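Q: Sharing a model that was predicted from the sequence below.
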Amino acid sequence: MKSYWKTVLTGGQDLDEYRAAVQDRNRELGAFLEFDPTRCAASTPDDAVVDGSAAAERVAGLPYAVKDNIAVSGFSLTCASRMLDGFRSPYSATAVRRLDAAGARPVGKTNLDEFGMGSATENSALAETHNPWDRSRVAGGSSGGSAVAVAAGMVPFALGSDTGGSIRQPAAFCGVYGLKPTYGAVSRYGLVAYASSLEGIGVLAADVDLTEAVFHIIRAEDEMDHSSIACPRELLDADSSAATDLRIGVLGGELGLDEVVATGYGRTVERLSELGFSVTAVELPTLEYSVPAYYTIAAAEASANLARYNGVRYGLRPDYAENPEELVRGAREQGFGPEVKLRILLGTYVLRSGFQEQYYLRAQKIRTAIRSDLARLFESVDVLCMPVFPVQPFAHGEAGLSPFQQKLADRFTSTANLAGVPALALPVGVERGLPLALQLLAPAFHEHRLFRAARVLEQYAPPATPPDYPPLWVKAGVPG
């Protein structure tokens with residue numbers, strides 16, 4: 001793989017073939033908002049210092065995609081919103097700079113739900129994204145474009161952001177790996193803010209090894225992001241090789257899964273025991289409160305973060321306004337989509353004087369309870385196994401889930417964001433022509449446990465490829 005991409009990114013006919021092939025697929029799937037491999041072919045790494053030569057060796061020469069709410073110098077930074085349509089980033093996010101220094105190359109920006117608000121990548125104002133397993137179904141969200149770019153073989157890995165499941169849910173829907181790191185493990189510098197205390201940059205990739213290599217490169221404390229935290233020294237080089245000596249807690253009880261997902265989840269749980277893991281059924285009493293707590297906190301932070309979009313400094317500006325108030329009103333009316341407006345209004349409401357204690361502060365107390373609940377669990381188990389989403393990829397539009405149903409379904413993924421712990425979505429098979437997945441959670445900065453368990457499961461259920469989209473980076477005669 002690496003030898004081929006070194007050839008591709010130095011120009012020549014291979015680069016032209018690659019660009020044409022990706023553009024053909026993108027016309028069908030809508031993964032990229034902008035794609036330009038020639039720009040990275042001529043670029044050179046900056047002088048950032050990357051720890052871990054093995055990880056750098058693994059990604060050197062590889063192209064990758066970046067969700068269009070993460071800054072890449074010279075590329076678009078639209079957040080899939082009319083508010084920022086046409087805006088180009090003057091700088092690169094820290095995570096992108098670290099990958100550049102390792103020799104990986106960004107080739108384009110991927111579609112998303114506007115400002116990361118959604119579970120289907122249907123809230124984008126700029127493009128429509130389809131699932132490569134079945135184009136009548138959604139790709140998941142909000143990092144749907146990144147998930148499709150990987151699943152459809154356009155790039156071997158991509159960067160996304162995860163606020164309440166925005167990496168793991170599309171990874172599950174598209175049959176790839178999706179890592180939400182520990183909060184603070186990866187710098188948020190260069191990530192357009194939505195809900196600052198919940199979100200972070202993570203990885204979507206075609207296999208476990210590549211997911212881990214990219215994470216090791218982008219993981220670092222960063223002076224540009226005061227919420228970033230250095231990984232404890234004793235965990236920096238923790239063993240992540242495949243092993244079954246982990247104690248796995250499996251979320252039980254009535255989970256509200258549809259029949260296909262429930263059967264696949266149960267079958268995989270049985271296989272965990274057969275593979276040699278110590279498996280214990282566990283309960284998470286606070287799970288039922290995760291969605292209301294998550295949406296209250298996320299909406300409140302969105303209300304504050306998106307207040308900067310007022311048509312004055314940057315972003316969409318109305319052609320005419322009588323006064324500053326009319327200018328701001330017109331910019332937001334024309335620039336924001338319905339879902340963004342809804343969350344801003346909700347956030348403004350819960351932050352109002354007299355309502356903060358009733359809603360926002362109560363949600364923060366629930367968040368503390370969820371953290372305590374998980375901390376208690378991790379005293380007796382090393383990894384927690386749970387579903388990602390209660391259904392397989394659903395249909396576009398009115399034939400699929402309503403926006404309210406999509407929000408309720410975030411309860412499995414939003415828990416990790418509220419607690420700040422790492423979580424990994426991984427494929428565990430294909431049923432009725434669509435991927436099945438589950439997710440693993442671990443204590444903060446124990447991503448290595450997720451990789452250890454995932455490597456064992458990868459041998460049991462290797463990731464499948466959508467029939468119509470074999471990976472473009474596999475080339476005859478070149479080692480993979």
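A: Thanks, I have the structure now. Here the structure is a predicted model, which means the values were calculated and not measured.
Q: Going along the chain, name the strands of this structure.
A: Here the chain has its strands, by DSSP state E, at 32-35, 63-67, 105-110, 157-162, 177-180, 200-205, 247-251, 278-282, 383-386, 423-431, 434-441.
Q: Return the distance of Ala60 relative to Ile370.
A: 40 Å (CB to CB, to the nearest Å). Every residue, glycine included, has its C-beta placed from N, CA and C.
Q: If you could redo that for Glu122, that was the one I meant.
A: Where Ile370 is concerned, Glu122 sits at a distance of 28 Å (CB to CB).
Q: related to what we said a few turns ago, between Ala60 and Ile370, which is the more surrounded one?
A: Neighbours around Ala60 and Ile370, counted as other CB atoms under 10 Å, are more numerous at Ile370. The numbers are 25 against 16.
Q: that older thread, point out the most buried one among the strands of the chain.
A: Neighbour counts (mean count of other CB atoms under 10 Å) averaged over each of the strands of the chain peak at strand 177-180, with a mean of 32.
Q: Quick one: mean pLDDT for it?
A: Strand 177-180 comes out with an average pLDDT of 98.
Q: Within its sheet, name the partner strands of it and how each one runs.
A: The pairing partners recorded for strand 177-180 under DSSP bridges are strand 200-205 (antiparallel), strand 423-431 (antiparallel).
Q: Pull up the distance across stretch 240-259, start to finish.
A: By CA to CA, to the nearest Å, the extent of stretch 240-259 from end to end equals 33 Å.
Q: Run through who's touching it.
A: Residues from elsewhere that reach stretch 240-259 (CB atoms under 8 Å, 6 or more residues apart in numbering): 212, 262, 265, 269, 272, 275-284, 287, 377, 380-387, 390-392, 447-449, 451-453, 455-456, 459.
Q: Give me the distance between stretch 84-96 and the centre of its chain.
A: 18 Å (CA atoms, centre = their mean, to the nearest Å).
Q: One more: stretch 319-327?
A: 37 Å.
Q: How about stretch 168-185?
A: Distance of stretch 168-185 from the chain centroid (CA atoms, centre = their mean) equals 5 Å.
Q: What ranges does the stretch 251-400 of the chain have for its helices?
A: Counting by DSSP state H, counting those that start in this stretch, residue ranges of the helices within the stretch 251-400 of the chain are 259-274, 290-305, 324-335, 338-350, 361-377.
Q: typed the wrong thing, it's the stretch 51-200 of the chain
A: Counting by DSSP H, counting those that start in this stretch, the stretch 51-200 of the chain has helices at residues 53-59, 94-102, 144-151, 168-174.
Q: Run through the neighbouring helices and strands of the longest one.
A: Here helix 94-102 is seen to pack against helix 53-59, strand 105-110, strand 157-162, helix 208-218 when contacts are counted using 3 or more CB pairs under 8 Å, 6 or more residues apart in numbering; DSSP states H and E.
Q: Report the rounded mean pLDDT for that helix.
A: The average pLDDT for helix 94-102 rounds to 96.
Q: Repeat that for the first one.
A: Predicted confidence along helix 53-59 averages 87 (mean pLDDT).
Q: which residues sit against it?
A: In contact with helix 53-59 (CB under 8 Å, 6+ apart) are residues 2, 50, 99, 101-104, 157, 209-210, 212-214, 216-217.
Q: picking up where we left off before, Pro467: which of the strands paired with strand 177-180 is closest?
A: Nearest of the strands paired with strand 177-180 to Pro467, taken as CB to CB: strand 423-431 at 10.1 Å.
Q: Next, the angle from the closest one to helix 144-151.
A: 60 degrees (axes from the mean of the first three to the mean of the last three CA atoms, to 10 degrees).
Q: what does strand 423-431 contact?
A: Applying CB under 8 Å, 6+ apart, the contact partners of strand 423-431 are 167-169, 171-172, 175-180, 208, 211, 260, 263-264, 267-268, 388, 392, 413, 416, 435-442, 447, 450-451, 454, 457-458, 460-461, 463-464.
Q: still on that earlier bit, got a ChimeraX select line for the buried ones in the contacts of stretch 240-259?
A: Selection of buried members from the contacts of stretch 240-259 for ChimeraX, criterion 16 or more other CB atoms under 10 Å:
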select :212,265,269,272,275,277,279,282,284,287,377,381,382,383,384,385,386,387,390,391,392,447,448,449,451,452,453,455,456
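Q: Please pull out the lowest mean pLDDT helix or strand from this structure.
A: Sorting the helices and strands of the chain by mean pLDDT, DSSP states H and E puts helix 2-8 at the bottom, at a mean of 55.
Q: pLDDT below threshold where in the chain?
A: Where the chain drops to pLDDT under 70, the residues are 1-13, 40-53, 474-480.
Q: Redo the strands of the chain as TSV? Include distance to Phe87.
A: Listed next are those as TSV, based on distance: least, CB to CB, whole Å:
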stretch	distance to Phe87
strand 32-35	12
strand 63-67	15
strand 105-110	11
strand 157-162	17
strand 177-180	26
strand 200-205	19
strand 247-251	41
strand 278-282	46
strand 383-386	38
strand 423-431	30
strand 434-441	33
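Q: Contact partners for Pro390?
A: Counting by CB under 8 Å, 6+ apart, Pro390 touches Leu255, Gly256, Leu257, Asp258, Val261, Ala409, Phe412.
Q: which of those residues has the most neighbours?
A: Within the contacts of Pro390, most neighbours by other CB under 10 Å means Phe412, with 29 neighbours.
Q: Nearest spatial neighbour of that one, chain-adjacent residues omitted?
A: Closest residue to Phe412 apart from its sequence neighbours, by CB to CB, 6 or more residues apart in numbering: Pro387 at 5.1 Å.
Q: quick one: stretch 86-104 to chain centroid distance?
A: 17 Å.
Q: In that stretch, which of the residues would be classed as buried?
A: Buried-residue list, stretch 86-104, by 16+ other CB under 10 Å: 89, 92-104.
Q: residues contacting Arg317?
A: Per CB under 8 Å, 6+ apart, neighbours of Arg317: Gly311, Leu327, Ala331.
Q: correct me, but the last one touches Tyr314?
A: Just to be clear, that refers to Ala331. No. Counting by CB atoms under 8 Å, Ala331 stays clear of Tyr314, with 10.4 Å between them.
Q: And those two? Which one has more around it.
A: Set Ala331 next to Tyr314 and count neighbours by other CB under 10 Å: Ala331 wins out with 21 against 12.
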